[in-house]
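> Return atomic coordinates for the entry below.
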Amino acid sequence: LNLYLLNNSTTLFKVLFIYATGPLPTAIVVWRNSLVFHDYDKITSVYIHLLPSMLYYSARWYGHNSLTSINDECLLYPSLNIYDFIYAAIIYVIWQTEYYILTEISFKSELDTSPNLLTSLRWLSSDTKNTLARQVLKLCRLLNIFQRNEEYDSKTFKTKLVFMISQFIYTLITFIIAPIQYYSQTVHLTFIILIFTISL
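Below you'll find the model as predicted:
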């Protein structure tokens with residue numbers, strides 16, 4: 001969208017840069033995605049989460065020489081500002097709302113009759129080894145949101161709400177690393193190499 005249709009929008013470029021260098025690549029580490037060459041799902045997951053960072057690395061640091069469809073106006077790269085992060089947060093809330101509507105309203109009956117169809121909530125709530133999910137559950141028990149022995153149940157609204165809120169907080173926290181990469185090519189490249197290495 002940014003490369004071909006709205007290539008004059010520096011705001012859209014900056015918002016997508018924030019996503020491409022924050023929540024997407026860090027998800028590889030947090031959710032333990034790994035580059036297993038004989039597993040199509042795992043390769044696809046690493047590809048989906050890491051490629052945007054590589055794309056925006058090329059666009060940010062090499063501009064029109066590497067991506068001719070990005071307009072020269074975007075090459076001026078005005079500084080990131082608080083509004084870019086606010087827009088990114090708003091877009092996240094819209095995406096999460098649409099995802100909830102799709103999985104919990106529009107396709108609910110199909111998903112209920114096919115328990116092997118995985119949504120991100122089903123997968124994350126059943127991943128008992130995931131450190132972040134375990135820490136969120138521990139905090140919810142401490143705050144009496146969950147009972148002492150209660151586990152995640154992807155069918156309950158409580159679990160869905162906990163995951164949506166914790167995912168939003170995670171997204172906001174990962175926005176913090178975007179400016180460092182936006183202003184330093186070396187840091188940006190090092191971050192990509194680090195994430196790729198971790199995925200191996």
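> Which residue, other than its chain neighbours, is closest to residue 56?
Distance criterion Cβ to Cβ, 6 or more residues apart in numbering; nearest residue to residue 56, sequence neighbours excluded, is residue 20 at 4.2 Å. C-beta here means a position set from N, CA and C on the backbone, and glycine is covered the same way.
> Residue 58 is in contact with the one you found, correct?
No - at 10.8 Å, residue 20 does not count as touching residue 58 under the criterion of Cβ atoms under 8 Å.
> helices and strands around the strand or helix carrying residue 196, which ones?
Using DSSP states H and E, residue 196 maps to helix 185-199. Helix 185-199 is packed against helix 23-30, helix 40-62, helix 177-183, with contacts defined by 3 or more Cβ pairs under 8 Å, 6 or more residues apart in numbering; DSSP states H and E.
> Could you dump the ones you listed into CSV and include mean pLDDT, mean neighbour count and distance to residue 147?
Rendered in CSV, the data for the helices and strands packed on helix 185-199 read as follows (pLDDT from 0 to 100; neighbours: other Cβ atoms under 10 Å; distance: least, Cβ to Cβ, whole Å):
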stretch, mean pLDDT, mean neighbour count, distance to residue 147
helix 23-30, 88, 20, 26
helix 40-62, 86, 17, 33
helix 177-183, 94, 18, 35
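> Please name the nearest non-neighbouring residue to residue 83.
In this structure, residue 83 finds its nearest non-sequential neighbour in residue 11, 7.7 Å apart by Cβ to Cβ, 6+ apart.
> what mean pLDDT does the host helix or strand of that neighbour have?
Secondary structure from DSSP H and E places residue 11 in helix 10-21. The pLDDT scores in helix 10-21 average 92.
> before we move on, what about stretch 127-146?
pLDDT averaged over stretch 127-146 gives 84.
> Alpha carbons only: can I get that stretch in CSV?
What follows is stretch 127-146, C-alpha atoms only, in CSV (Å, rounded to 0.1, in the frame of the first residue of the first chain):
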residue,chain,number,x,y,z
ASP,A,127,1.3,-22.5,24.4
THR,A,128,2.2,-23.4,28.0
LYS,A,129,6.0,-22.7,27.4
ASN,A,130,5.7,-19.1,26.3
THR,A,131,7.3,-16.9,28.9
LEU,A,132,5.2,-13.8,28.2
ALA,A,133,1.9,-15.7,28.2
ARG,A,134,3.0,-17.3,31.5
GLN,A,135,4.0,-14.0,33.1
VAL,A,136,0.7,-12.4,32.0
LEU,A,137,-1.2,-15.3,33.6
LYS,A,138,0.8,-15.0,36.8
LEU,A,139,0.0,-11.2,36.9
CYS,A,140,-3.7,-11.9,36.3
ARG,A,141,-3.7,-14.4,39.2
LEU,A,142,-2.0,-11.9,41.4
LEU,A,143,-4.6,-9.3,40.5
ASN,A,144,-7.4,-11.9,41.1
ILE,A,145,-8.5,-11.7,37.4
PHE,A,146,-7.8,-15.4,37.3
